[in-house]
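[1] sequence first, predicted model second:
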Amino acid sequence: MPPAFPERAAWGTASSLRAWQQQALEAYFRTEAGPRDFLTVATPGAGKTTFALRLARELLDRRAIAAITVVCPTEHLKRQWAESAARVGIKIDPEFKNSQGRVGKDFVGVAVTYAQVAAHPALHRGRTENRKTLVILDEVHHAGDGLSWGDAIRESFEPAARRLSLSGTPFRTDINPIPFVLYEEGPDGIRRSRADYTYGYGPALADGVVRPVIFLAYAGEMRWRTRAGDEITATLGQPLTQDQTAQAWRAALDPKGDWIRQVIKAADRRLTEVRRAMPDAGAMAIASDHETARAYAKMIRELTGQRVTVVLSDDPGASKKIKQFGESDERWLVAVRMVSEGVDIPRLAVGVYATSTSTPLFFAQAIGRFVRARRRGETASVFLPSVPTLMGHAAEMETERDHVLDRPVREDGLDDDLIAEANRRDDSPDVGEELPFETVEASAQFDRVLYDGGEFGMQAAPGSVEEEDFLGIPGLLEPDQVTALLRKRQAEQMAAQRRAKTGDPRADRAEAGDGEQRTAAEDLHALRKELNGLVGAWNHRTGQPHGVIHTELRRTCGGPPAAQASAEDIRRRIAKIREWATRRRD
């Protein structure tokens, strides 16, 4: 076994590792030399950078390596890695260009992007061959973004002395294998990636390393005019076809409609509440494109009267803006994709998911921007449309996923390109002169809260007392306190609703067989609540996370995630979990 890791005063606070980071280091050095390839999967916000740099420092001290190459997705992350490395005495050049060829004498290594490597793999292979190099592949799933990128990464770093692959989300929706990741075939004949060390959201939440996330979902009525000139109305949050969902989603996010304005206003009210406990808490809206991001920023300035930082992917000053925002106490940041992955702004506590991107990978990375905990009791609040795909992702935050090969591109939900395709497609073979997609009306309605595998709240109008009950949840609570408060407020709302229906101020429960006919949506809502209550009870009885229980019910009974499941799907799961409870008692 290797010697214990000595504390080095020069490393400052970086020498103090979290339990998972220490365990991952011990897993790496199970043998004296350590492995050539090692895949660490740790939930966003857990501290993958700190772990990687501690390992790099150890390998340098053991003379197992002489140089370091960090490969990451964006230009901003190159600088972020260099700054973190400097704090532990490792000098990395984030400004290295392919045209330089050689690394400056003052640096032990470089930070480059995946695109930079793909542009000149022979150069990076030569650098890797010349010195014993540790290659750190940050968010390694990017190496599977296309065959050309994967081939370039493989060619460049095949000669590396050591390779450390990092990811917060090791799953993808395509079937391109990721270089230097080991895949194993399971009993079902499907190959899945195998991580050498995994630290998921559930354990990180239990350890207080990340914040719990409160998802606030908003539905609403959308009306739009298609390219064919037809006017269509649909209610977001109700069962719709994929095409209808795509277009209703687009209408909701349209800055010309009221939906996004009402949701941003609600998020700003939530931010005000959170800042009572976290005075520097910030909010971020993630937009689909540059034009929309600017429109959202203008909207927020009008609502708050305060400055808004806008970060666009083609802005040469993006890194500086992100850093300035992170060190300030400004309220709002609006960004497109570049702030959704790896960027560290610990004070971000409120988010608006205002993008049409729907893959599990992007969703998890985006939510990861809000979960980095600074002290116990902090919570994250994320506002999002009531779209089945997003509801499914939110409900399964605790579920562990692997990068799976040999499967269809998508098993359910929306493809990333579906919204764009729906907006491009003619709605009739004989449309004459085409009209652009036009949002006619888009209004928001508070739908529900998703938290810890459960659903809470009843539909309510923006600005109502019912909505305020959930926006006003204190920003500093332990996870079990959040659950208890959500249950209490839901019970109060349901009691108030029953009193309003019956006219009986003493009515504390619904009268059975009162002859009132409920809609299918109400029935489904009630079934989901019943299922989530049973899952909560099973969680208390067994200690299994809610997400794991939901996943096992889905595996046993079939059907899509709970947020997309039909009433019959949920009835089967209710029957199954009751069957489990009966067997356990016996």
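    Perfect, thanks for sending it. Residues are numbered from 1 along each chain as shown.

[2] adjacent strands (with direction) for the strand ranked longest in the chain?
    For the chain, the strand with the greatest residue count under DSSP state E is strand 213-225. Using DSSP bridges, strand 213-225 pairs in its sheet with strand 231-236 (antiparallel), strand 380-385 (parallel), strand 438-442 (antiparallel), strand 445-451 (antiparallel).

[3] and the shortest one, what's its mean pLDDT?
    Spelled out, that is strand 438-442. The average pLDDT within strand 438-442 is 91.

[4] from Met391, how far off is the residue nearest the centre of the chain?
    Central residue of the chain (C-alpha atoms, centre = their mean): Ala364, 2.2 Å from the mean position. Separation of Ala364 from Met391 (C-beta to C-beta, to the nearest Å) stands at 14 Å. Where you see a C-beta, it was placed from the backbone N, CA and C, and this is true even at glycine.

[5] with Ala366 instead?
    Relative to Met391, and taking C-beta to C-beta, Ala366 is found at 15 Å.

[6] and what of Ile264?
    Separation of Ile264 from Met391 (C-beta to C-beta): 20 Å.

[7] repeat that for Ile190.
    As judged by C-beta to C-beta, Ile190 and Met391 stand 26 Å apart.

[8] just Thr542 next, same as before
    From Thr542 over to Met391 (counting by C-beta to C-beta), the distance is 25 Å.

[9] so which of those two has more stuff around it?
    Using other C-beta atoms under 10 Å, the more surrounded residue of Thr542 and Met391 is Met391, with 24 against 12.

[10] I figured that one was touching Ala217, is that so?
    Yes - with contact defined as C-beta atoms under 8 Å, Met391 and Ala217 form a contacting pair (6.5 Å).

[11] what's the closest non-adjacent residue to Ser464?
    Phe446 (7.5 Å; C-beta to C-beta, 6 or more residues apart in numbering).

[12] oh, that last question was meant for Thr43, not what I typed.
    Tyr201 (4.3 Å).

[13] in contact with that neighbour, which residues are there?
    43, 210, 371, 397-398 (C-beta atoms under 8 Å, 6 or more residues apart in numbering).

[14] same question for Lys132.
    Counting by C-beta under 8 Å, 6+ apart, Lys132 touches 64-67, 161.

[15] ditto for His120
    Asn98.

[16] gap between it and Thr582?
    His120 sits 64 Å away from Thr582, going by C-beta to C-beta.

[17] tell me what angle the one helix or strand Thr556 maps to forms with strand 445-451.
    Using DSSP states H and E, Thr556 falls within helix 546-557. When axes from the mean of the first three to the mean of the last three C-alpha atoms, to 10 degrees is applied, the directions of helix 546-557 and strand 445-451 differ by 100 degrees.

[18] residues in contact with helix 546-557: which ones?
    Here helix 546-557 makes contact (C-beta under 8 Å, 6+ apart) with 202, 395-399, 452-454, 532, 535-536, 538-539, 560-562, 569, 572-573, 576-577.

[19] how about it: buried residues?
    Across helix 546-557, burial judged by 16 or more other C-beta atoms under 10 Å covers 546-554, 557.

[20] any idea how far it is from the chain center?
    Averaged C-alpha coordinates place helix 546-557 at 20 Å from its chain's average position (C-alpha atoms, centre = their mean, to the nearest Å).

[21] dump the helix or strand following that helix to CSV, keeping only the CA atoms.
    The helix or strand immediately downstream of helix 546-557 is helix 567-585, counting by DSSP H and E. Provided in CSV are the C-alpha atoms of helix 567-585 (Å, rounded to 0.1, in the frame of the first residue of the first chain):
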residue,chain,number,x,y,z
ALA,A,567,-52.7,6.7,-14.8
GLU,A,568,-52.7,3.0,-15.5
ASP,A,569,-48.8,2.9,-15.2
ILE,A,570,-49.0,4.6,-11.9
ARG,A,571,-51.8,2.3,-10.6
ARG,A,572,-49.6,-0.7,-11.4
ARG,A,573,-46.7,0.9,-9.4
ILE,A,574,-49.0,1.7,-6.5
ALA,A,575,-50.1,-1.9,-6.4
LYS,A,576,-46.5,-3.1,-6.6
ILE,A,577,-45.2,-1.0,-3.7
ARG,A,578,-48.2,-2.0,-1.6
GLU,A,579,-47.3,-5.6,-2.4
TRP,A,580,-43.7,-4.9,-1.2
ALA,A,581,-45.0,-3.5,2.0
THR,A,582,-47.2,-6.5,2.6
ARG,A,583,-44.4,-8.9,2.0
ARG,A,584,-42.1,-7.0,4.4
ARG,A,585,-44.7,-7.1,7.2
